[in-house]
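Chemist: My questions concern the predicted model and sequence given below.
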Amino acid sequence: MLFRKKRPTWLTQLLRNQELKESQSVTENETFLIEREMMLKGTDVPRGNKIVRQFAVMVNGAVYVVTSGERVSRAVYEALLEAGAVIPIPGVDIKPRSQSSGSLRIEDDSVIENDT
């Protein structure tokens, strides 16, 4: 620590508390198994003797490359459903996104022509 300043104790304690909250929330998250048969979109990639399917989806500014046979979090699963990349798993309730979530909607895309 020749050129670095020591962190203040309040900052160190705040960072520890955040790490504890994140580690506790990870255990509460659900994971979903994405199988090749349920993927509607994606690219077939040879991996060893098998062919797997991969699809990229963006969640909160981070890009996730989902490979068939992988377990994903609930947020990634919801993004895959919205993109139409997977068939919904029966028995899993997904709440619809609210209107204020920032999704883009185009109400009317008609073209008005002047007949003068």
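Modeler: Arrived safely.
Chemist: residues in contact with the longest strand seen in the chain?
Modeler: Longest strand in the chain, counting residues (DSSP state E): strand 50-59. Here strand 50-59 makes contact (C-beta atoms under 8 Å, 6 or more residues apart in numbering) with 36, 39, 41-45, 63-69, 75-76, 79-80, 83, 85. For the C-beta atoms, the positions are set from N, CA and C on the backbone; glycine is no exception.
Chemist: Could you pick out the buried ones from those residues?
Modeler: Burial by neighbour count, 16 or more other C-beta atoms under 10 Å: within these this picks out 39, 42, 64, 66-68, 76, 79-80, 85.
Chemist: immediately after the lowest-mean-pLDDT helix or strand in the chain, which helix or strand?
Modeler: Lowest on mean pLDDT, DSSP states H and E among the helices and strands of the chain sits helix 9-28, with a mean of 69. Following helix 9-28 in sequence order, the next helix or strand is strand 31-34 (DSSP states H and E).
Chemist: got the buried residues for that next one?
Modeler: By neighbour count on 16+ other C-beta under 10 Å, the buried set for strand 31-34 is 32, 34.
Chemist: which residues of the chain score low on pLDDT?
Modeler: Scanning the chain for pLDDT under 70 picks out the ranges 1-4, 7, 20-29, 95-116.
Chemist: Flag every buried residue along the longest strand of the chain.
Modeler: 52-53, 55, 57.
Chemist: Looking at those, which is nearest Asp93?
Modeler: Val57 (20.3 Å; C-beta to C-beta).
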